[in-house]
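K.L.:
coords below, sequence missing:
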């Protein structure tokens, strides 16, 4: 299935704008959430086909939200790419163990992001 609807979860308005700009220009439909709790509500209302997840956010962090989504029988098939400023190998491994399909370090490279989405079934 081709990925069209993408949810960006990030507490930084600048980061949400940056990622939205890249994705909309590439033809994707984008929604955003400012934190994990808002993301879980939006996912249940309108299931995205891909989630870009920040790690460091108020409330539940991105690792916790990724784990919640990955373990939910209705949502576990939605791929998650973690986009975080946490750049340690242990962070990447932990993110993948929580259920993320991929891990990118901020600032996210636009071409690399689009290539990773394409590899998952994107445009």
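P.N.:
Everything's here; your move. Source: prediction; values computed, not measured. Numbering: from 1, shown residues only.
K.L.:
tell me the spacing between the residue most central in space within the chain and residue 95.
P.N.:
Closest to where the C-alpha atoms of the chain average out (C-alpha atoms, centre = their mean) is residue 52, at 1.3 Å. From residue 52 across to residue 95, the span is 12 Å (C-beta to C-beta, to the nearest Å). The C-beta positions use only the backbone N, C-alpha and C, and glycine is treated the same way.
K.L.:
can you map out the strands along the protein?
P.N.:
5-9, 29-33, 50-53, 80-84, 102-105 (DSSP state E).
K.L.:
quick one: contacts of the fourth one?
P.N.:
Strand 80-84 is contacted from outside by 10, 15, 19, 50-56, 62-63, 66, 69-70, 91, 95, 99-106, 108, 113, 116-117, 120, using C-beta atoms under 8 Å, 6 or more residues apart in numbering.
K.L.:
sitting in helices, which of the residues you listed do you find?
P.N.:
Mapping the contacts of strand 80-84 onto helices (DSSP state H) picks out 15, 19, 62-63, 66, 69-70, 91, 95, 113, 116-117, 120.
K.L.:
okay, now the unreliable bits of the chain?
P.N.:
Counting by pLDDT under 70, the chain has low-confidence residues at 1, 122-123.
K.L.:
rewinding a little: please spell out the ChimeraX selection for the buried subset of the contacts of strand 80-84.
P.N.:
To isolate in ChimeraX the members of these that are buried, counting by 16 or more other C-beta atoms under 10 Å, one can use:
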select :10,15,19,50,51,52,53,54,55,62,63,66,69,70,91,95,99,100,101,102,103,104,106,108,113,116,117
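K.L.:
counting neighbours, what do you get for the residue nearest to residue 22 when sequence neighbours are not counted?
P.N.:
For residue 22, ignoring the flanking residues on the chain, the nearest one in space by C-beta to C-beta, 6 or more residues apart in numbering is residue 110 at 4.6 Å. Other residues near residue 110 come to 15 when the count uses other C-beta atoms under 10 Å.
K.L.:
distance of residue 22 from residue 77?
P.N.:
24 Å.
K.L.:
look at those two and report which has more neighbours.
P.N.:
residue 22 (19 against 12).
K.L.:
list the buried ones in stretch 36-51?
P.N.:
Neighbour counts over stretch 36-51 (16+ other C-beta under 10 Å) mark 36, 38-40, 42-43, 48-51 as buried.
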